[in-house]
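Student: With the sequence up front, the predicted model follows.
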Amino acid sequence: MTILGLHHITIVCANAQRTVDFYTTVLGQRLIKQTVNFDDPGSYHLYFGNAEARPGSVITFFEWPGAGRGHPGIGGTHHLALQVDDEDGLLRWKRRLTDHGIAVDGPLDRHYFKSIYFHDPDGTIIEIATIGPGWTADEAPDAIGTEFRAPPQEMMIANRDEARILATTWPEPVPEITGDMALRHGLHHITAIGADIERTHAFFGDLLGMRRVKMTSNFDDPGSAHWYWGTGNGEPGTLITYFGRDPQKTQRVQLGAGQTHHFALAVPDEATQLEWRDRLMEVGLRVSPVMDRCYFKSIYTQDPDGHIVELATVGPGFTVDENVETLGRTLKLPPWLEADRAAISQNLRPLEVPEWRPMEEAR
């Protein structure tokens, strides 16, 4: 049985149009599917991704109109990270975001990558991280994740130099997203919060068979653990990371706008998914039946802290009900809801979706 990497992350937003505007116009993501929450068809479920709508590039949103802000905590996700090729691209993003009036923290050196942080309109923490230098910065390739590696002290000191960090940006305005800064690779990692890092390792490492690729501390809170799991050599796009936090000092997550509802790991096919379902049930975990999400099949379980974890198939994909050129332009419903299309549409505010242009045309 194989976990391939990340499939998607699903977040709560309070206003679908505002979310479309931010993720398409500001971040250059493509709206790849405009549909509804299959379990609550009175509300939108929006999918954003790269040009090819590839699993691992996908960020989705349940719209809960007018929802109050949630709060991160144990059992929830802290942030999501998107990939950029290199540090020049990272600095271009910092300049572009600040010129849009968005507060940016960084660039910060995380030893294994460099990154910036900011918030979307609902308060979701978004990180943009470089692809390298990677896990072999302080461990041999065949030994990554086998020993604790403390953050280098000189790096910790540099990350506290606020004046230098504030001054480090791209020297010119970045009005257009060029191909060399595009977030086309998709997700870099997802970071969640747990109460017992060893227990989390038993779930992702021992049970799900993901490879621990780094044991370190939270660079901003060196008294707490920060461990990473991935597949293969821990390539960006396969990574789940957890902050280990003291449950006596850290509240539990409060779901609401800006907080993650669940994240999904990719499995190759339905047969593998059924094997995983049997395995999870054998060890006593609660697991949902297989759910037909049209674009993939899903099962749902929970990590040891209660975070919903989905195992989703890579197929049949987002072109099963529209061609790749017209993804996300119109409302798509599963066959079993088509008879209710008129009533469902009446409850949804129509969306204005910017025309998608490949990055080569936007340069």
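Tutor: Great, that's in hand.
Student: Spell out, range by range, the helices that occur in the stretch 51-200 of the chain.
Tutor: Applying DSSP state H, counting those that start in this stretch to the stretch 51-200 of the chain gives helices spanning 87-99, 153-158, 162-167, 197-201.
Student: Just send these back as TSV, with mean neighbour count and mean pLDDT too.
Tutor: Glycine gets a C-beta too; all of them are placed from N, C-alpha and C. TSV is the format used below for the helices of the stretch 51-200 of the chain (neighbours: other CB atoms under 10 Å; pLDDT from 0 to 100):
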stretch	mean neighbour count	mean pLDDT
helix 87-99	20	98
helix 153-158	12	93
helix 162-167	11	96
helix 197-201	18	98
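Student: Distance-wise, check the residue nearest the centre of the chain relative to Thr272.
Tutor: By CA atoms, centre = their mean, the chain has its centre lying nearest to Leu80, at 4.2 Å. In this view, Leu80 and Thr272 are 25 Å apart by CB to CB, to the nearest Å.
Student: still on that earlier bit, need the helices of the stretch 51-200 of the chain in TSV (columns: distance to Phe263).
Tutor: Listed next are those as TSV, based on distance: least, CB to CB, whole Å:
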stretch	distance to Phe263
helix 87-99	23
helix 153-158	28
helix 162-167	29
helix 197-201	14
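Student: and Pro173, which of those helices is closest to it?
Tutor: Pro173 sits nearest to helix 87-99 of all the helices of the stretch 51-200 of the chain, at 5.7 Å, using CB to CB.
Student: Show the low-confidence segments of this protein, by residue range.
Tutor: Filtered on pLDDT under 70, the chain yields the residue ranges 359-363.
Student: So which bits of stretch 35-48 are buried?
Tutor: Using 16 or more other CB atoms under 10 Å as the test for burial, stretch 35-48 gives 35-38, 41, 43-48.
Student: Leu4: which of those residues is nearest?
Tutor: Looking across these and measuring by CB to CB, the closest to Leu4 is Tyr47, at 18.4 Å.
Student: In the sheet, which strands lie alongside the helix or strand harbouring the closest one, parallel or antiparallel?
Tutor: Following DSSP states H and E, one finds Tyr47 within strand 40-49. If you go by DSSP bridges, strand 40-49 pairs up with strand 30-37 (antiparallel), strand 58-63 (antiparallel).
Student: Remind me what the helix or strand where Ala271 lies packs against, helices and strands.
Tutor: For Ala271, the host element (DSSP H and E) is helix 270-282. Under the contact criterion of 3 or more CB pairs under 8 Å, 6 or more residues apart in numbering; DSSP states H and E, helix 270-282 touches strand 296-302, strand 308-316.
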